[in-house]
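> Starting from these lines, generate the structure:
(chains A, B, C and D)
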Protein chains: 2
Amino acid sequence: MKTQKKRSDCPVSFSLEAFGDKWSLLIVRDLMLKKKCTYGELAKSDEKIATNILAARLLSLEENGIIQKLEHPDSKAKVLYQLTQKGIDLIPIIIEINLWAEKYTEIPEERKEFLAQINADKEGFIRNAFKELESNL
Amino acid sequence: MKTQKKRSDCPVSFSLEAFGDKWSLLIVRDLMLKKKCTYGELAKSDEKIATNILAARLLSLEENGIIQKLEHPDSKAKVLYQLTQKGIDLIPIIIEINLWAEKYTEIPEERKEFLAQINADKEGFIRNAFKELESNL
DNA sequence: ACATTTACTTGCGAAAAGCAAGTGATTTTA
DNA sequence: TAAAATCACTTGCTTTTCGCAAGTAAATGT
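Got it, this is the predicted structure:
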């Protein structure tokens, strides 16, 4: 485990130390959309993360209390990763990132429904997302 | 200028390619709180960013259309950096990052009022922040 | 004219990213 | 039941980025 020095007391800086890189929030995104994932499923995401980087990010997210490991019900060879409460609480950030992107880039077809739901009733959508993810804890 | 390959069509991935690192959103934070900043002011922020990294980040934020350079009214030796509309639109993300951090770390005294205002009326606070920043464009 | 300020560059060692291949523990298959 | 696949990682190595210290050139202050 690596102890990282705190750069400042700023809450934004604190947050970026936990998930401020190009990969961490993509892992959070996958766990948010799929609820629970195995290492292999995470490795197969569209962005093609290298397996050593994935392992490193999973470890740091776990050390930061954002995700946790669970044993897979079907097999001891598999591991389930899931968001902790701290990780679930990143929902609003992920939502806002999606909305920002919606304004400045083309959204792929399969995500349009997701964004339509958010735009129809953001508060309700977020409340529901929390409920669903928290029911798995 | 560096052309970065798009990792995927995911809106989260798109966003992280623009500001997914440990420094970019700190610069955005400073520009958001102070409206306009010079290079020197940005360099003096609490996190002590190295000047070459600052220059690199400012360039990439500019290339991504998140900030723009303006000439300083007082001196040709100075440059003003300010958020574009695309940068101002990051407000909700910054707000949510602040709220997440509030739940999971100690907030310094001088930021508590800021967070109290957000908690009192998030929508109103955001609306007002947009208005103030957009009035400088 | 000379020192200072301002916005950057440059050089270089250290750290992290990224690719390919490998490992050891399960689990499936023949 | 032994060999082949699957699974979750590691390891080794090269490339890229970070981060510190120092330097530079234009503009400004004294």
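> measure A:L137 to A:L70 for me?
10 Å (CB to CB, to the nearest Å). For the C-beta atoms, the positions are set from N, CA and C on the backbone; glycine is no exception.
> Residue numbers of chain A in contact with DNA strand C?
A:2, A:21-23, A:48-53, A:56, A:74-77 (CB under 7 Å from any atom of the strand).
> Just the buried ones from these, in ChimeraX syntax?
Listed next is the ChimeraX selection for buried residues among the residues of chain A next to DNA strand C, using 16 or more other CB atoms under 10 Å in any protein chain shown:
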select /A:21,22,23,49
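> shared neighbours of A:L137 and A:L70, which are they?
A:Q82 (CB atoms under 8 Å, 6 or more residues apart in numbering or on different chains).
> Between those two, tell me which one has more neighbours.
For A:L137 and A:L70, the more surrounded residue by other CB atoms under 10 Å in any protein chain shown is A:L70, and the numbers stand at 13 against 10.
> does that one really touch A:L80, like I thought?
Yes: the criterion here is CB atoms under 8 Å, and A:L70 meets it with A:L80 at 4.3 Å.
> list the residues that contact both of those two?
A:K36.
> in chain A, which residue is closest to the centre?
A:V28 (0.9 Å; CA atoms, centre = their mean).
> quick one: the helices in chain A?
Along chain A, the stretches classed as helices by DSSP state H are A:11-19, A:24-34, A:39-43, A:51-63, A:85-88, A:91-104, A:109-120, A:122-134.
> tell me which helix or strand of chain A sits lowest on mean pLDDT?
strand A:36-38 (a mean of 86; mean pLDDT, DSSP states H and E).
> buried stuff in that one?
Those would be A:37-38, for strand A:36-38 by 16+ other CB under 10 Å.
> Does chain B have contacts with that strand?
No: residues of strand A:36-38 are not located near chain B by CB under 8 Å from any CB of the partner chain, the shortest gap being 15.3 Å.
> can you list contacts of that strand?
A:30-31, A:70, A:72, A:78-82, A:136.
> one more time with 7 Å, if that's ok
A:30-31, A:72, A:78-82, A:136 (CB atoms under 7 Å, 6 or more residues apart in numbering or on different chains).
> In chain A, which residue sits closest to DNA strand C?
Across chain A, the shortest distance to DNA strand C (CB to the nearest atom of the strand) belongs to A:K76, at 3.3 Å.
> Tell me who's in contact with the closest residue to A:I67 other than its chain neighbours.
Distances taken as CB to CB, 6 or more residues apart in numbering or on different chains place A:L61 nearest to A:I67, at 4.5 Å, with adjacent residues excluded. Contacts for A:L61 (CB under 7 Å, 6+ apart) come out as A:24, A:27, A:67.
> So what does A:S135 look like in phi/psi?
A:S135 has phi and psi values of phi -70, psi -20 when expressed as degrees, to the nearest 10.
> What distance do you get for it to DNA strand D?
With distances taken as CB to the nearest atom of the strand, to the nearest Å, A:S135 is found 22 Å from DNA strand D.
> hmm, back to that, select from the contacts of strand A:36-38 the one having the most neighbours.
A:L31 (24 neighbours).
> my guess is it meets A:L83, correct?
Yes: using CB atoms under 7 Å, A:L31 is in contact with A:L83, at 4.9 Å.
> what is in contact with the two at once?
When contacts are counted by CB under 7 Å, 6+ apart, A:L31 and A:L83 have A:I67 as shared neighbours.
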